[in-house]
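Engineer: when you get a sec, could you give me coordinates for this:
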Amino acid sequence: MSDPIFKFLNHTVVTARREILCDGAPVSVEPKVYDLLLYLLQNRDRAVSKDELQDAIWPNVIVTESALTRCVMKARQAVGDDSRKMRVIGTVKKGGYRLVAPVEELQKEQAIAPGNRAGGREQIPIAVLPFANLGDSADQNYLADGLTLDISTDLSRNAWMFVVSPGSLRDYRSLSVEYQQVAEDFGVQYVVEGSLRRAGDSLRVHASLVDAATGAREWSERYDGPVTNFFEIQDDITRQIVASLGSQVRKAEGRKSVRADADSLDVWGLLHRGTGISWSRFNRESNLQAEQAYRAALAIEPDNGRALIFLATSLAMKISNGWSENIAADSHAAWSMGKKGVDSLPNDPLVLASFGHIHTCLGEAAKGVEYLERSLELDPNSAWSMGLLALALTCSGRAGDAIPQVTAALRLSPRDEATHWFLANLAWAYLHQKHYDDAAREAQRSVNAYPGWAPPWVTLAVAQAALGQVPEGREAIAECRKIDGCVTRDGFARYFDYIVKDEQHRQFIRARLREVWPDD
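Structural biologist: Okay, the predicted model is just below:
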């Protein structure tokens with residue numbers, strides 16, 4: 001078997017993707033750590049000496065025994081083991097190691113519907129076709145192959161995605177691929193295709209996301225860079241493509257679910273209906289509609305971890321935005337369901353990020369930072385999680401650390417459905433720092449991207465008032481009240497208390513609100 005799957009305890013090693021999963025969620029490890037674990041799995045019927053491991057993991061390279069010891073320690077950590085428990089990797093007295101956990105070895109991975117991977121329809125099956133080399137030199141094929149592998153590997157970290165083994169797609173190196181045939185062969189919903197073309201000292205990369213059933217192009221983008229520095233920019237290009245793909249696939253699934261009859265949707269469809277409604281055009285009404293979709297999902301499957309965490313997040317955002325009619329009840333439900341959700345899916349990056357955001361919305365931003373940083377360890381290409389982390393950092397008094405996070409999110413996913421929200425986060429970080437000109441600029445960009453959410457309008461008004469532009473600030477408040485006639489000045493004073501912790505600065509913002517907001 002060329003691509004076996006190994007299962008032990010609550011872990012799975014998918015050799016075709018060089019991936020380790022814990023309860024179905026990817027575990028991030030260094031390449032040598034993966035190599036060591038795989039070698040022990042392949043030779044689990046015997047003890048492996050330290051010398052043999054060093055030769056196998058570092059061929060033709062002289063390394064110290066301490067390097068091997070560190071590698072074993074990291075491998076144990078990756079699978080929830082340590083040198084005291086030794087439930088997975090045991091130490092042999094005469095100098096060596098052995099895989100001691102019971103292991104089930106499965107047949108070569110088949111690219112099938114995601115329910116066979118995680119139980120239920122919980123992932124979106126996607127195939128990354130070999131990127132085509134459109135240049136004159138076949139020597140550039142290795143660049144295309146490397147980019148294909150990197151995108152497949154990084155995309156598989158997204159807990160929503162089931163990525164077909166790149167090795168299974170080698171025969172599809174053709175510009176005339178029939179997408180429906182790929183869908184039939186591998187059971188995928190989406191196909192990623194791309195190309196590289198060298199022109200002189202420049203290299204151009206194209207990437208596209210295609211609906212495999214219809215052939216419709218959901219997204220495409222172009223990236224340019226100097227060929228002499230390709231390996232330096234390859235990681236950056238990969239991260240941008242993967243971040244955009246994560247956003248665009250979620251957006252496409254959301255559109256399908258929003259258009260469908262709600263009564264015909266299963267749990268998976270209802271989850272995407274909720275995210276599709278609320279994430280792209282967030283406001284009081286869309287948050288309520290998303291809440292209804294998540295409640296419908298829980299009526300079908302009461303213990304669904306994602307439905308629990310998404311509903312909890314909607315309730316927490318209802319509180320932080322001043323829309324809750326019963327703060328005590330909504331807060332209790334948000335904490336309770338959020339905890340159940342993260343307990344059921346403790347290694348799902350999006351679940352961890354959502355629980356972090358719940359903490360931010362309910363006044364515990366510093367704790368939220370911890371969950372969001374853990375989420376980004378598991379999926380470092382999630383622009384959404386970066387944006388959530390930026391808000392948590394600002395609300396915990398670390399606006400200086402927030403700005404690079406949200407800037408990275410905007411760079412990674414420049415056409416994200418949540419661009420307006422990223423820009424609002426940037427405005428709040430600048431507001432926290434009292435950089436009112438920057439805050440006004442980013443708030444204006446936010447309302448230009450999506451004018452239907454009140455907080456960026458009020459942020460713009462406060463920043464303009466702080467700059468002495470009171471008439472312009474009053475115009476912004478007037479626009480805000482057209483969008484949501486239920487908003488109040490006192491409600492937004494409390495809203496800014498989430499963002500600004502210094503009492504003197506809070507009083508300054510309240511004074512600016514009084515300047516631009518007519519008496520309620």
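
Engineer: what about V63, how many neighbours?
Structural biologist: Using other CB atoms under 10 Å, V63 is surrounded by 12 other residues. Backbone N, C-alpha and C define where each C-beta goes, glycine included.

Engineer: mind checking pLDDT for the residue lying closest to it once chain neighbours are set aside?
Structural biologist: Spatially, and ignoring its direct neighbours in sequence, V63 is nearest to Q54 (6.0 Å; CB to CB, 6 or more residues apart in numbering). On the pLDDT scale, Q54 is placed at 89.

Engineer: phi first, then psi, for Q54.
Structural biologist: phi -60, psi -40 (degrees, to the nearest 10).

Engineer: check the gap between it and K94 for me.
Structural biologist: Distance from Q54 to K94, counting by CB to CB, to the nearest Å: 16 Å.

Engineer: name the helix or strand for R510, please.
Structural biologist: Per DSSP states H and E: R510 is located in helix 503-516.

Engineer: tell me who's in contact with L460.
Structural biologist: Applying CB atoms under 8 Å, 6 or more residues apart in numbering, we find L460 in contact with 427, 440, 443-444, 446-447, 473, 476.

Engineer: neighbour-wise, which of those leads?
Structural biologist: For the contacts of L460, the largest number of neighbours (other CB under 10 Å) sits with A427, at 30 neighbours.

Engineer: touching, that one and A443? I think so.
Structural biologist: Yes. At 4.1 Å, A427 and A443 qualify as touching, with contact defined as CB atoms under 8 Å.

Engineer: anything in contact with each of the two?
Structural biologist: With CB under 8 Å, 6+ apart as the test, A427 and A443 both reach 456, 459-460, 463.

Engineer: in CSV, list these along with pLDDT, secondary structure and distance to A213.
Structural biologist: Shown next, in CSV, are the shared contacts of A427 and A443 (pLDDT from 0 to 100; DSSP: H, G, I helix; E, B strand; the rest coil; distance: CB to CB, whole Å):
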residue, pLDDT, secondary structure, distance to A213
P456, 96, helix, 37
T459, 97, helix, 42
L460, 97, helix, 42
A463, 97, helix, 46
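
Engineer: could you list the low-confidence segments of the protein?
Structural biologist: 1-2, 107-122, 136-140, 167-168, 173-176, 227-233, 257-264, 280, 520 (pLDDT under 70).

Engineer: these two touch, right, S396 and L372?
Structural biologist: No. If you go by CB under 8 Å, S396 and L372 don't touch, sitting 10.8 Å apart.

Engineer: the more surrounded of the two?
Structural biologist: Neighbour tally, S396 and L372, criterion other CB under 10 Å: the higher count belongs to L372, 31 against 19.

Engineer: and the helix or strand hosting the more buried one, C-alpha only, in CSV?
Structural biologist: Of the helices and strands defined by DSSP H and E, L372 is found in helix 365-378. Output of helix 365-378 as CSV, limited to C-alpha atoms (Å, rounded to 0.1, in the frame of the first residue of the first chain):
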residue,chain,number,x,y,z
ALA,A,365,-11.0,39.5,25.7
ALA,A,366,-7.7,38.5,27.3
LYS,A,367,-8.9,34.9,27.7
GLY,A,368,-10.3,35.1,24.2
VAL,A,369,-6.8,35.9,22.9
GLU,A,370,-5.7,32.5,24.2
TYR,A,371,-8.3,30.5,22.2
LEU,A,372,-7.7,32.6,19.1
GLU,A,373,-4.0,32.0,19.2
ARG,A,374,-4.6,28.3,19.5
SER,A,375,-7.0,28.4,16.6
LEU,A,376,-4.3,30.1,14.4
GLU,A,377,-1.7,27.5,15.5
LEU,A,378,-4.0,24.9,13.9
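
Engineer: next, the angle helix 365-378 makes with the very next helix or strand once past that helix.
Structural biologist: Downstream of helix 365-378, the first helix or strand assigned by DSSP H and E is helix 383-395. When axes from the mean of the first three to the mean of the last three CA atoms, to 10 degrees is applied, the directions of helix 383-395 and helix 365-378 differ by 150 degrees.
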